[in-house]
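*Asks:* Show me how the following folds:
(chains A and B)
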Amino acid sequence: MMLNVFRSELFKLRTTRAPKVVLICAVFLPMVIQALIAQFAFKDGVVGSTVIANVSGFGPLVALLIGVVGVLCSTQEYSQGTIRITLVATPQRWTVLLAKLVTMVAVAIGAVVVLMIGCLGLSQIIMNARGLQFELIGENDRIILAFFVLVPLMAILGLALGVIFKSPPGALSALLLWPTIIEGLIFGLLTVATDKNFFRWAPVQNGFQLVRDVLDSEMNSWGVSAMYFTAFVTVFVVLSAVLFVKRDA
Amino acid sequence: MIVVDRLTKTYGSKKAVDDLSFTVTPGRVTGFLGPNGSGKSTTMRCMLGLDAADAGSVTFDGKKYSDLDQPLTHVGSLLDAGDAHKGRSAQNHLRWIAMTHGFPKSRVDEVLHQVGMSDVAKTKVGKFSLGMRQRLGLAVALLGNPHTVILDEPANGLDPEGIRWTRDVMRSLADAGRSVLVSSHQLVELSLVADDLVVIGQGKLISAGPIAQFMTQHAKSWVRVVSPQFDALATLVTAQGGTVERTNDGGDFHAVTAIQVGEIAATNNIVLHELSPQTGSLEQAFLDATDASVEFRGETGSSSEGIK
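*Replies:* Modelled structure (predicted):
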């Protein structure tokens, strides 16, 4: 049954426009920009860093966009009323939520695979054609792993926020304003007030830290950041699960 | 068979469904009636596990909805025709639902044909009229070929042909031994198809049983008489305890039977041009039965006083 529900969730995502458009933007926008960089940058013939280090700059953007797909995956059900049919077809709410989580993780992993192959592949072809000396990954293989951690976690966070808020504006605001404004305000004020770097405990900044080519020495280590961000996402997943199971549809 | 047993659902301080019990038997169409806000939709949502009941239970052939294996093959439902993504085609809307049960794509095409939507299978739901969405909703309900069907206002927005088709579908489902529960405000339509009625008001049961029993209990009955000697007959009938209401060509006698009026007329050599027992409509019976529990009541007539 679980497999059927998973297939159904994947099909739902495939047959609506908004998630597809955002997903395409998340994957192909960085590929286009990376191709333009490979074509037009490095005029002096010197490539200062690995290609994957350049790609890492897209990490937060890709993660947030996949988070938006997660939001749409859950909020569209409420805004379009299909949640009632979903739960009538599969009354076991844990199964539905699990299927949605697995779907988002699968989509996120798929997106990262395409993104990596596209960015690295295009860069290699173009930069080879230009006769540049460069390294694709070098010692930065950690960044690839980081993409496979950050992007699925953001997808799950978006899904959980969607379940909690039920409406796209609320969930999207929470997803996009938290890292860009709220974390800056809260942790910035705390930093100013105490003269200590509170940004190291800003959850989403810890997530973004994962994909940086050079880790900020004032932030947590890569492992601590990964665990901290995972714990942050887990809190929202648990909250959304409780609401999803208990709440009237 | 659906058994609703002492179902109770409260929203805040308001009891939407209050200790409600009734059964829906196989082979019969059961109409589910109540004024706006009486708790019909809440009851249906509780039946399907969408809203959690505070007390009581609902079983389908002895099982709770959430315990049914492949629930769409047991219970088909149409709660709201708007429950479909406007950007998805009719076919894809049915396909994702079919996928949850592993139904083949051919089953989707079958039900689209059954509801007369094969030609618009690839059209997006957002382009459909309310009537077309109702048909799609019915397709969802019929997708699993269920033996119990729950329909909330299925004829809403349908054209006369669609209304008749819906009626025929419900009748044929019941004739095939399935349980059909249908809520509707179109009482004339319901009177044509329902075998049983469950009437609720303010979440409480007002009446449950065969439609004929409901009419006997709640519909007015009177005797229509046309006679050149009406005044004389009226005096005699009134003396026997009846009441009289004059009409243009005769009058209506209440609180007496046609047999009584006929015998009075015969005994007193009064000529009758018409003597017919009359029964009120389902609408009148429903309005009388639920009058005390109407929550939202509008006013008729224009209020021109405020516009000067």
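
*Asks:* For the chain, which helix or strand comes out least confident on mean pLDDT?
*Replies:* No chain specified, so I'll use chain A. Taking mean pLDDT, DSSP states H and E as the measure, the helices and strands of chain A show their lowest mean at helix A:183-194, namely a mean of 89.

*Asks:* List the contacts of the closest residue to chain A within the stretch 101-250 of chain B.
*Replies:* Closest to chain A within the stretch 101-250 of chain B is B:Gly102: 5.1 Å, counting by C-beta to the nearest C-beta. (Glycine included, C-beta is placed from N, CA and C.) Applying C-beta atoms under 8 Å, 6 or more residues apart in numbering or on different chains to B:Gly102 gives the contacts A:Asn4.

*Asks:* What of B:Leu79?
*Replies:* Going by C-beta under 8 Å, 6+ apart, B:Leu79 touches A:Arg84, A:Val88, B:Ser41, B:Met44, B:Arg45, B:Leu48, B:Leu50, B:Ile150, B:Asp152.

*Asks:* and the first one, what element?
*Replies:* I take that to be A:Arg84. A:Arg84 belongs to helix A:82-89 when assigned by DSSP states H and E.

*Asks:* just checking, what packs against that helix?
*Replies:* Using 3 or more C-beta pairs under 8 Å, 6 or more residues apart in numbering or on different chains; DSSP states H and E, the elements in contact with helix A:82-89 are helix A:59-79, helix A:93-129, helix B:90-101.

*Asks:* Which positions within the first one qualify as buried?
*Replies:* The neighbour-count check on helix A:59-79 (16 or more other C-beta atoms under 10 Å in any protein chain shown) flags A:59-60, A:62-79 as buried.

*Asks:* Can you list the buried residues in whichever strand or helix holds B:Asp19?
*Replies:* Using DSSP H and E, B:Asp19 falls within strand B:14-24. Counting neighbours by 16+ other C-beta under 10 Å, one finds that the buried residues in strand B:14-24 are B:Lys15, B:Ala16, B:Val17, B:Asp18, B:Leu20, B:Phe22, B:Val24.

*Asks:* My guess is the third one contacts B:Met47. True?
*Replies:* No - no contact is recorded between B:Val17 and B:Met47 when judged using C-beta atoms under 8 Å, the distance being 10.2 Å.

*Asks:* what about the helix or strand that contains A:Val204, distance to the chain center?
*Replies:* Here A:Val204 sits within helix A:203-209, counting by DSSP H and E. Centroid separation for helix A:203-209 versus its chain: 11 Å, with C-alpha atoms, centre = their mean, to the nearest Å.

*Asks:* Could you list every helix and strand in contact with it?
*Replies:* Packing contacts for helix A:203-209, counted by 3+ C-beta pairs under 8 Å, 6+ apart, involve helix A:59-79, helix A:141-165, helix A:183-194, helix A:222-246.

*Asks:* The shortest one: which residues count as buried?
*Replies:* Think helix A:183-194. A:Glu183, A:Phe187.

*Asks:* residues in chain A within reach of chain B, list them.
*Replies:* Contact residues (C-beta under 8 Å from any C-beta of the partner chain) of chain A with chain B: A:4-5, A:7-8, A:11-12, A:15-18, A:76, A:80-82, A:84-92, A:246, A:248-249.

*Asks:* For the stretch 51-200 of chain B, which segments count as strands?
*Replies:* Ranges of strands within the stretch 51-200 of chain B are B:55-60, B:75-78, B:148-152, B:179-183, B:196-201, based on DSSP state E, counting those that start in this stretch.

*Asks:* how about those, which one is nearest B:Lys127?
*Replies:* strand B:75-78 (19.8 Å; C-beta to C-beta).

*Asks:* Just confirm yes or no for the closest one near chain A.
*Replies:* Yes - for strand B:75-78 and chain A, the contact criterion (C-beta under 8 Å from any C-beta) is met by B:Ser77.

*Asks:* List the contacts of that strand.
*Replies:* With contact meaning C-beta under 8 Å, 6+ apart, strand B:75-78 is reached by A:88, B:44, B:48, B:60, B:65, B:68, B:134, B:137-138, B:140-144, B:146, B:148-152, B:154.

*Asks:* Repeat that for stretch A:6-15.
*Replies:* Contacts to stretch A:6-15, defined as C-beta under 8 Å, 6+ apart, come from residues A:19-20, A:69, A:73, A:82, A:89, A:99-100, A:102-103, A:106-107, B:85, B:88-89, B:92, B:95-97, B:99-100.

*Asks:* Of these, keep whichever come out buried.
*Replies:* Here, 16+ other C-beta under 10 Å leaves A:19, A:69, A:73, A:82, A:89, A:99-100, A:102-103, A:106-107, B:85, B:88-89, B:92, B:95-97, B:99-100 buried among the contacts of stretch A:6-15.

*Asks:* Report how many residues lie close to A:Met227.
*Replies:* Burial of A:Met227 is recorded as 13 neighbouring residues (other C-beta atoms under 10 Å in any protein chain shown).

*Asks:* swap in B:Ser184?
*Replies:* Neighbours around B:Ser184, by other C-beta under 10 Å: 22.

*Asks:* Number of residues surrounding the closest residue to it other than its chain neighbours?
*Replies:* The shortest distance from B:Ser184 to any non-neighbouring residue, by C-beta to C-beta, 6 or more residues apart in numbering or on different chains, is to B:Leu190 (4.9 Å). When neighbours are defined as other C-beta under 10 Å, B:Leu190 has 24 of them.

*Asks:* So, low pLDDT: which residues of the stretch 1-150 of chain B?
*Replies:* Applying pLDDT under 70 to the predicted model, the stretch 1-150 of chain B contains no residue that meets it.

*Asks:* got the residues of it near chain A?
*Replies:* Residues of the stretch 1-150 of chain B lying close to chain A (C-beta under 8 Å from any C-beta) are B:45, B:48-52, B:65-66, B:68, B:71-72, B:77, B:79-80, B:82-89, B:92, B:95-97, B:99-102, B:140.

*Asks:* Contacts only, for B:Ser21.
*Replies:* B:Ser21 makes contact with B:Val4, B:Asp5, B:Arg6, B:Leu7, B:Gly56, B:Leu205 under the criterion C-beta under 8 Å, 6+ apart.

*Asks:* Kindly supply the ChimeraX command isolating those of those that are buried.
*Replies:* In ChimeraX, this line selects whichever of those come out buried by 16+ other C-beta under 10 Å:
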select /B:4,7,56,205
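
*Asks:* With secondary structure and distance to B:Val125 added, can I get the contacts of B:Ser21 in JSON lines?
*Replies:* Output for these, formatted as JSON lines (DSSP: H, G, I helix; E, B strand; the rest coil; distance: C-beta to C-beta, whole Å):
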{"residue": "B:Val4", "secondary structure": "strand", "distance to B:Val125": "31"}
{"residue": "B:Asp5", "secondary structure": "strand", "distance to B:Val125": "36"}
{"residue": "B:Arg6", "secondary structure": "strand", "distance to B:Val125": "38"}
{"residue": "B:Leu7", "secondary structure": "strand", "distance to B:Val125": "32"}
{"residue": "B:Gly56", "secondary structure": "strand", "distance to B:Val125": "35"}
{"residue": "B:Leu205", "secondary structure": "strand", "distance to B:Val125": "36"}
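
*Asks:* tell me the mean pLDDT over stretch B:278-296?
*Replies:* The average pLDDT within stretch B:278-296 is 79.

*Asks:* For that stretch, list every residue counted as buried.
*Replies:* By 16+ other C-beta under 10 Å, the buried positions in stretch B:278-296 come out as B:Gly280, B:Leu282, B:Ala285, B:Phe286, B:Ala289, B:Thr290, B:Ser293.

*Asks:* from the residues you listed, which ones fall inside helices?
*Replies:* With DSSP state H as the criterion, helices contain B:Leu282, B:Ala285, B:Phe286, B:Ala289, B:Thr290 from among these.

*Asks:* So which residue is dead centre in chain A?
*Replies:* The C-alpha lying nearest the average C-alpha coordinate of chain A belongs to A:Ala63 (C-alpha atoms, centre = their mean; 2.4 Å).

*Asks:* For that residue, give me its contacts.
*Replies:* By C-beta under 8 Å, 6+ apart, A:Ala63 lies in contact with A:Leu150, A:Val151, A:Leu153, A:Met154, A:Gly207, A:Phe208, A:Val211.
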